[in-house]
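Asks: no sequence on hand, only this structure:
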DNA sequence: TATGAATGAGTGTTCATTCAT
DNA sequence: GATGAATGAACACTCATTCAT
């Protein structure tokens, strides 16, 4: 019985994850989820308190991981961003393990969280990263905007990789490429 | 009367544009628009068949311009993308005039089109651009994905600029910077 | 097993009584009861056919006692209500033993029975009592209404006492005071 | 058109007042109201923001009047409650005009407000009145309880009158009788 | 042209009750 | 006897759209 319950619970999580990924939180109704799982709408509430909790069940560990990653990265370890080789390696490993462990959760909070507590997560993240990039750029009036674009691009690139690569090795290779691309690009705009 | 009618029609477009930009298509109700314009909800339907048509009126010319830009770019004119200086200049001019002419329409279809026929425009666009970038990259299994990322980043960067810069000159300068950043980055991944 | 069963049955009655008294019939859910008793919701239906029957189990003997009291009081025994000292004593004893025996059941049917067959019990009761009081009043057009008010007040007063006094002696004393008040008015209770 | 709207609005208020009076706030659904008025449920929200606002529209002026009455009565004017003849007259007039003006609103907030902001109004009121009565009673351990009962009876008596008398003169006469009864007891109303 | 009244389908959520195990 | 999964009807509320005036 417990098995059955767990199995259905798992199926609800699975199907709602699909729907949330495809349509976003707002545009996915409890009825849609119930239909996909082939149970009554009311029964969903046997497994999850409400729609928001269902979403958070799918995303909280990803959000937690992301928060920790940011906290550690801001605690000074990665202070010399673009020029240290060490930076790339450490950052890469930190990010990689999070990406691999929390792939869909991250996609949900970064892309499909409208209507939830993660609604403004992506811009917040981007702003944090931009803060770190800006001082590296030549001092001009557009430095902040360009840093924002780069940060946004970095985040966007990671999302693309998550969407298109499954196996750890592949993700790792692509992340390397992405960072190459970004660091070379950033050099073009650096303080000489 | 025609003048009055046109003027009201224009005000509806203006206010709904604001709302759609701020809140997105889905989360903007006809009631909100009617309130902003200070007319009745029903009267909106005298000017626009329904909510979707109102949105399309705001976005179709931008979408058309975008389509044409892509068509022309694919017709062979910009075939040698990254190595010709000419590419940068032409592309820049084409894009710039579109951006300046259709700023808000482009933002709407690229960012706030959930629930409309433009729901999947951005990924489609990105795929088209990626197609053009891919052959320039070193032949590896990730070439397509990297091209997609670059394309996505390019699009994302442009959107950022549109959101943060108003005057043509500023937009032009930022676009230059963005392209510098991207071409230098791309070089890192090019066929040697 | 029978003992166990009876014991559980008793606990259900106990906890649901608490909840019904605090929250009323309508606003007490079977889930709340199950949680308080620490059994499953479904198991409640092994002991009681449905929510209504559970409520009736808690209240039927009180309702029965009340009915009998009224029947006997109407059978002529207490015909000369206000002037016979005997009336006060007899009534007091009859009522007192019912109150003490069926305290919570009475509170439930008089105060928390919305949604059950006792929904209209209190007004019915009041009407019955009023019938007996009316002939004692001076013949005027408002006699019936005044009798109803007195009856309602009497019932209300008893409910108050039930809620605020536990020990038989206390209840008895308060009931005496209440009847004094009703027969002689506030003056009876004033500081001299 | 404005007339139609006002007329329907009035009918909604009328029918919902009936339902709220009969069944209480909680147990009256928007669907019931819509059915009685013979309109769609959605249309109710054209006239009232939500169920609570509809209820408050029916009750707020009564609640306001009651609040003012209490404030004025507490401001010291009626300090010598039971012994001054003046008290009875003034109180009677104040209460009478409120009762006549806000009959159904008062019934709703005193009897049928479960689930609204008036849920605890009656016990609060009763406590306020009891505070004034208690010092007049002989000092015994049951004084507070008896004062509460009297206060509750007074309120209950007024409610009975409201339910059973329509014309001002009748209400006035009954209120007089009620106060007599409370001050002098049943004897005051007996056949001589 | 303009209004705003009206509808009906849809939203998330609750809950008494049933039933297979 | 006991569980808890499951249902279905009900709840308050929203909103794009239609339509009589």
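Replies: That came through, no problem. What you see is a predicted model, and the numbers here were worked out from it, not measured in a lab. Numbering: from 1, shown residues only, chains lettered A, B, ... in the order given.
Asks: can you name the residue of chain A nearest DNA strand F?
Replies: Residue nearest to DNA strand F within chain A (Cβ to the nearest atom of the strand): residue A:42, separated by 2.1 Å. C-betas here are computed from N, CA, C, even on glycine.
Asks: secondary structure element holding that residue?
Replies: Assigned by DSSP states H and E, residue A:42 belongs to helix A:41-47.
Asks: so what touches that helix?
Replies: A:5, A:8, A:9, A:12, A:30, A:31, A:33, A:34, A:37, A:54 (Cβ atoms under 8 Å, 6 or more residues apart in numbering or on different chains).
Asks: show me what contacts the residue lying closest to residue A:102 once chain neighbours are set aside?
Replies: Take residue A:102 and drop its neighbours on the chain: the residue closest to it by Cβ to Cβ, 6 or more residues apart in numbering or on different chains is residue A:62, 3.7 Å away. The contact partners of residue A:62, by Cβ under 8 Å, 6+ apart, come to A:98, A:102, A:104, A:105, A:106, A:108, A:109.
Asks: for the helix or strand where residue A:62 lies, which residues meet the burial criterion?
Replies: Taking DSSP H and E as the definition, residue A:62 sits inside helix A:51-72. The neighbour-count check on helix A:51-72 (16 or more other Cβ atoms under 10 Å in any protein chain shown) flags A:51, A:54, A:55, A:56, A:57, A:58, A:59, A:60, A:62, A:63, A:65, A:66 as buried.
Asks: got it, and stretch A:118-136?
Replies: Using 16+ other Cβ under 10 Å as the test for burial, stretch A:118-136 gives A:118, A:121, A:122, A:125, A:126, A:129, A:130, A:132, A:133, A:134, A:136.
Asks: mind putting the residues you listed into a markdown table with secondary structure and distance to chain C?
Replies: Formatted as a markdown table, those follow (DSSP: H, G, I helix; E, B strand; the rest coil; distance: Cβ to the nearest Cβ, whole Å):
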| residue | secondary structure | distance to chain C |
| --- | --- | --- |
| A:118 | coil | 31 |
| A:121 | helix | 35 |
| A:122 | helix | 39 |
| A:125 | helix | 41 |
| A:126 | helix | 44 |
| A:129 | helix | 47 |
| A:130 | helix | 49 |
| A:132 | helix | 50 |
| A:133 | helix | 53 |
| A:134 | helix | 55 |
| A:136 | helix | 58 |
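Asks: now do residue A:143 against residue A:137, distance only.
Replies: For residue A:143, the distance to residue A:137 (Cβ to Cβ, to the nearest Å) stands at 4 Å.
Asks: that older thread, gap between the helix holding residue A:62 and the chain center?
Replies: 9 Å (Cα atoms, centre = their mean, to the nearest Å).
Asks: repeat for stretch A:27-42
Replies: For stretch A:27-42 - counting by Cα atoms, centre = their mean - the centre lies 26 Å from the chain centre.
Asks: end-to-end on it?
Replies: Taking Cα to Cα, to the nearest Å, the first and last residues of stretch A:27-42 lie 19 Å apart.
Asks: can you tell me if that stretch touches DNA strand E.
Replies: Yes - with Cβ under 7 Å from any atom of the strand as the criterion, DNA strand E is reached by stretch A:27-42 at A:28, A:29, A:30, A:31, A:32, A:41, A:42.
Asks: and the residues you listed, which of them are in helices?
Replies: Counted as lying in helices by DSSP state H, out of the residues of stretch A:27-42 next to DNA strand E, are A:30, A:31, A:32, A:41, A:42.
Asks: counting neighbours, what do you get for the fourth one?
Replies: Taking other Cβ atoms under 10 Å in any protein chain shown as the criterion, the count of residues near residue A:41 is 13.
Asks: excluding its backbone neighbours, what's nearest it?
Replies: Distances taken as Cβ to Cβ, 6+ apart place residue A:34 nearest to residue A:41, at 4.3 Å, with adjacent residues excluded.
Asks: again with the third one
Replies: Nearest in space to residue A:32, with sequence neighbours left out and distances taken as Cβ to Cβ, 6+ apart, is residue A:19 at 5.8 Å.
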